[in-house]
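Colleague: Sequence isn't available, so here's the structure alone:
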């Protein structure tokens with residue numbers, strides 16, 4: 001279960017990413033497959049490979065800051081096929 005602070009951090013994390021990468025869309029938040037305490041923010045990936053690398057670098061920095069400051073492991077997972085999930089959820 002996601003607590004209030006985690007929800008707040010997830011929202012801030014995604015908004016920070018979305019400011020620099022407006023083409024990235026939020027898909028969902030899921031538990032990590034190896035550790036349910038880890039949270040993954042699933043997003044669509046940028047079309048350009050260079051932008052994808054920049055997204056990964058920025059997300060890594062934010063994720064590390066959250067872990068050090070609050071003790072929560074929150075990651076961005078950008079992947080192909082996420083667009084299909086958005087379409088299915090909207091239907």
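Modeller: That came through, no problem. This structure is a prediction, so every number in the text was calculated from the model and none was measured.
Colleague: which stretches of this structure form strands?
Modeller: Secondary structure of the chain (DSSP state E): strands located at 26-31, 39-44, 74-79.
Colleague: hmm, who's touching the second one?
Modeller: Contact partners of strand 39-44, identified using Cβ atoms under 8 Å, 6 or more residues apart in numbering, comprise 2, 6, 10, 13-14, 17, 23-32, 72-79, 82-83, 85-86. The C-beta positions use only the backbone N, C-alpha and C, and glycine is treated the same way.
Colleague: Point to the helix or strand of this protein where mean pLDDT is at its lowest.
Modeller: The weakest-scoring helix or strand in the chain, judged by mean pLDDT, DSSP states H and E, is helix 82-90 (a mean of 54).
Colleague: just to revisit the earlier point, quick one: which of the strands of the chain is nearest residue 50?
Modeller: strand 74-79 (13.6 Å; Cβ to Cβ).
Colleague: what angle do that closest one and strand 26-31 make?
Modeller: Angle of strand 74-79 versus strand 26-31, following axes from the mean of the first three to the mean of the last three Cα atoms, to 10 degrees, is 130 degrees.
Colleague: Sort out which residues of strand 74-79 are buried, please.
Modeller: For strand 74-79, the buried set under the neighbour-count rule, 16 or more other Cβ atoms under 10 Å, comprises 74-78.
Colleague: Hmm, which of those is lowest in pLDDT?
Modeller: Lowest in pLDDT among those is residue 78, which has 88.
Colleague: quick one: contacts for that residue?
Modeller: Contacts of residue 78 by Cβ under 8 Å, 6+ apart are 24, 42-46, 52, 55-56, 59.
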